[in-house]
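# sequence plus predicted model, see below.
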Amino acid sequence: MAETTIEIKVPEDIEYRVIGNGFALLIACGGLLAGTMFAERSMEYWAADIVPLSIAVLMAFRLYRNIVTTLTAYPNCAPNKRPSFTKQDIQREHAIVAQLPESSSYSPEQVVEEVVKRIETQKTEAARKAGGGR
């Protein structure tokens, strides 16, 4: 059994085509809302609104086709795909975590001393700025 690859031709501006077809479908639906069928609330007047109906059907088909093409062009954006982890990836991750240095824990006295030093330096800087500004 020989493997065959299927090549799908995807235009470069496929995202813009999807957006354009979506807006065209909205405009066609606006034409239907302003048409005779909606005003008379009857499907018997479909012939009077044949142009907006045909445009809406055509744009809905093109929008569907472009969305399917976009989703096949970008297989990584499928929501049901899970990242695959291998044993080597997990071992590398654990090795990186094992190489991290231990965090030094400060005692409460050391924390108080550091805070007092910072407050004193801020006071001296403020006094120097106030004295130099005059």
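The structure has been received and is ready for your questions.
# and Ala56, what does it touch?
Taking CB atoms under 8 Å, 6 or more residues apart in numbering, we find Ala56 in contact with 25, 28-29, 31-32. Every C-beta, even on glycine, is put in place using the N, C-alpha and C of the backbone.
# quick one: pLDDT of it?
Listed pLDDT for Ala56 reads 91.
# still on that earlier bit, filter the contacts of Ala56 down to the buried ones.
Among the contacts of Ala56, those buried by neighbour count (16 or more other CB atoms under 10 Å) are 25, 28, 31-32.
# inside strands: which ones of those?
Among the buried ones among the contacts of Ala56, no member falls in strands (DSSP state E).
# ok, so of those residues, who is nearest Glu114?
Taking CB to CB as the measure, Leu25 is the one of these closest to Glu114, at 64.2 Å.
# ok, the closest one - contacts?
With CB under 8 Å, 6+ apart, Leu25 has these contacts: 56, 59-60, 63.
# could you dump those residues to a markdown table with distance to Thr4 and secondary structure?
Formatted as a markdown table, the contacts of Leu25 follow (distance: CB to CB, whole Å; DSSP: H, G, I helix; E, B strand; the rest coil):
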| residue | distance to Thr4 | secondary structure |
| --- | --- | --- |
| Ala56 | 38 | helix |
| Met59 | 34 | helix |
| Ala60 | 32 | helix |
| Leu63 | 30 | helix |
